[in-house]
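Visitor: turn this into a model:
(4 chains)
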2 protein chains.
Amino acid sequence: MSDDERLPQPATADIDLVTVLHALGDPVRMTLLLSYADDAEHSCDPRDLGLDHLHKSTVSHHMRVLREAGVTTTRVAGRNRFVSLRRADLDARFPGLLDALLAGRATPVR
Amino acid sequence: MSDDERLPQPATADIDLVTVLHALGDPVRMTLLLSYADDAEHSCDPRDLGLDHLHKSTVSHHMRVLREAGVTTTRVAGRNRFVSLRRADLDARFPGLLDALLAGRATPVR
DNA sequence: GCAACTGTTTGATGCTCGTCAAACACTCGG
DNA sequence: CCGAGTGTTTGACGAGCATCAAACAGTTGC
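Guide: Okay, the predicted model is just below:
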């Protein structure tokens, strides 16, 4: 089910803490993280993410930042891309970090 | 011993997660955090922090960002300022976050 | 094939940020 | 008082970033 193609992403060992924090130090990307916290796969459509006030290219940009930081993974299936959290990888690299972040659920969106 | 004047800082309840992550999403400020992890008070001199490659005004800027984000507190004593981590406040606001960050000690400096 | 669909890429624009240098404010010691 | 010490503020500059719009690329369905 998940052996489709995946967009390039850093190896678990290469995930950098400062890069992750920089990625999450933006209100829109924090909102995305909270959406992804259900461990489900999500489309890239801004309306499916409660971000209909943002242009689709802007959302695409934010998702690229998250993916390149190692926070998310993107599975390509046909003309859809399914984004989900790299929870196991993040937990392995920075134990407790994700739990602390999700527990401290900041004010969502902006 | 610590009832000197303190520079303005957000109340514990007002510490914002995204603001904290933004503050720590910079290699220099992460280095400062690691220095402050000993829970001691530190001067603002770049040479005392292993940041002698940076101008003192640059370091001052970074310390302001950390303080305004609620990460550090600054005690004013004479012509010195003593900066230290707001560990208890951060632990209260975002339990486990600081421990996870310090455990995942990224590559220090840059 | 062609049109609709999903998402990315490119270019442009304005804002933020990191950095340095110089000037400033405040304090301590003689 | 005056000079040295500590740190901040201001101004300037270049780089990076968030955003939108338009063009583009790949896929599905008719």
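Visitor: how about the residues of chain A by DNA strand D?
Guide: A:22, A:26, A:28, A:53-58, A:61-62, A:65, A:77-79 (C-beta under 7 Å from any atom of the strand). All C-beta spots, glycine's among them, are computed from the backbone N, C-alpha and C.
Visitor: where along chain A do the helices fall?
Guide: Along chain A, the stretches classed as helices by DSSP state H are A:17-24, A:27-36, A:56-69, A:87-93, A:97-103.
Visitor: skip the chain neighbours and tell me the closest residue to A:P10.
Guide: The shortest distance from A:P10 to any non-neighbouring residue, by C-beta to C-beta, 6 or more residues apart in numbering or on different chains, is to A:G70 (4.5 Å).
Visitor: and A:H42, bridged to which residues?
Guide: A:H42 has the following beta-bridge partners by DSSP bridges: A:V83.
Visitor: go ahead and confirm it touches A:L49.
Guide: Yes: the criterion here is C-beta atoms under 8 Å, and A:H42 meets it with A:L49 at 6.8 Å.
Visitor: shared neighbours, those two?
Guide: Counting by C-beta atoms under 8 Å, 6 or more residues apart in numbering or on different chains, the shared contacts of A:H42 and A:L49 are A:S35.
Visitor: for chain B, what are the nearby residues on chain A?
Guide: A:16-19, A:21-27, A:30, A:93-97, A:99-101, A:103-107 (C-beta under 8 Å from any C-beta of the partner chain).
Visitor: now those: which count as buried?
Guide: A:16-19, A:21-27, A:30, A:93-94, A:96-97, A:99-101, A:104, A:106 (16 or more other C-beta atoms under 10 Å in any protein chain shown).
Visitor: next to DNA strand C, which bits of chain A? Give me the list.
Guide: A:7, A:43-45, A:56-57, A:59-61, A:63-64, A:74, A:79-81.
Visitor: neighbour-wise, give me the winner out of those.
Guide: The most neighbours of any of the residues of chain A next to DNA strand C, using other C-beta atoms under 10 Å in any protein chain shown, belong to A:M63, which has 22 neighbours.
Visitor: distance check, that one against B:R87.
Guide: From A:M63 across to B:R87, the span is 34 Å (C-beta to C-beta, to the nearest Å).
Visitor: specify the beta-bridge partners of the residue nearest the centre of chain A.
Guide: Of all residues in chain A, the one closest to the mean position by C-alpha atoms, centre = their mean is A:T72, 3.8 Å from it. Beta-bridge partners for A:T72, by DSSP bridges, are A:L85.
Visitor: between all of the residues of chain A next to DNA strand D, which two are separated the most?
Guide: Pairwise distances across the residues of chain A next to DNA strand D peak at 32.1 Å for A:H22 and A:G78 (criterion: C-beta to C-beta).
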